[in-house]
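[1] give me a model of this one.
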Amino acid sequence: MKDMATNNKVNKSVFRIALSPAKVRVLSVVSLGGLGGWFVSKLVFPLSDPSTQFFIGVMALASFISSIVVALSGHAYLANAPDNQLDERELSQRNAAYFRAYQISAVAVLVGLIGIHRIAIWTDNIASPALYENYLTVIFFAHLVLPASILAWREAWSGDCDE
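    Reported below is the predicted structural model:
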């Protein structure tokens with residue numbers, strides 16, 4: 001079967017969720033904001049209170065689920081499609097999105113690790129391995145979402161929206 005717009009073969013075995021760019025943008029904000037909020041909340045709020053634990057857990061769950069939905073969207077398919085299935089415009093958009101995603105991820109890793117180290121020094125605390133594991137979880141899910149999110153946001157700015 002061929003896609004009528006690009007005259008390329010369509011891979012029917014790939015599972016993807018058809019979402020508009022606006023929905024991908026909302027889910028990316030929920031995902032990235034929730035991931036950051038989850039990590040900072042675990043640093044700032046006392047975890048001895050069950051209601052605080054519940055709120056932080058719900059925020060983490062919402063951000064992880066929205067990350068997975070964005071990772072299964074059509075924008076993520078475009079971000080991860082083989083080169084031979086993309087035309088020149090899509091290929092350049094995808095490459096630019098990955099370049100921006102890697103820039104954001106590199107800055108996030110550096111700022112986060114330096115921040116964790118500085119907070120540990122300021123509070124006379126030793127940063128626990130669980131703290132680093134949580135941060136790596138945030139970085140993993142953020143890096144999973146970023147290329148598709150960047151493509152959705154750029155599509156909105158270029159006027160290619162389907163809304």
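[2] going forward, measure contacts between C-alpha atoms and count neighbours the same way
    Fine.
[3] do you know the pLDDT at Ile126?
    With respect to pLDDT, Ile126 scores 69.
[4] same question for Ala96.
    The per-residue pLDDT reported for Ala96 equals 91.
[5] could you do the one 3 residues further on as well?
    Phe99 carries a pLDDT value of 92.
[6] now do the same contact list for the spatially most central residue of the chain.
    For the chain, the residue nearest the mean C-alpha position is Val145 (2.3 Å; C-alpha atoms, centre = their mean). Going by C-alpha atoms under 8 Å, 6 or more residues apart in numbering, Val145 touches 28, 31-32, 67-68, 70-71, 76.
[7] how near is it to Gly37?
    Val145 sits 16 Å away from Gly37, going by C-alpha to C-alpha, to the nearest Å.
[8] buried among the contacts of Val145? Make that a ChimeraX selection.
    Command for ChimeraX, covering only those of the contacts of Val145 found buried under the criterion 16 or more other C-alpha atoms under 10 Å:
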select :28,31,32,67,70,71,76
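[9] following the chain onward from the least confident helix or strand in the chain by mean pLDDT, which element is next?
    The least trusted helix or strand in the chain, going by mean pLDDT, DSSP states H and E, turns out to be helix 74-80, with a mean of 81. Downstream of helix 74-80, the next assigned helix or strand under DSSP states H and E is helix 88-122.
[10] quick one on the thing from earlier: and the contacts of Val145, which two are furthest apart?
    The largest separation in the contacts of Val145, counting by C-alpha to C-alpha, is between Leu32 and Ala76 at 15.3 Å.
[11] got the contact list for Phe141?
    Taking C-alpha under 8 Å, 6+ apart, one finds 35, 64, 67 in contact with Phe141.
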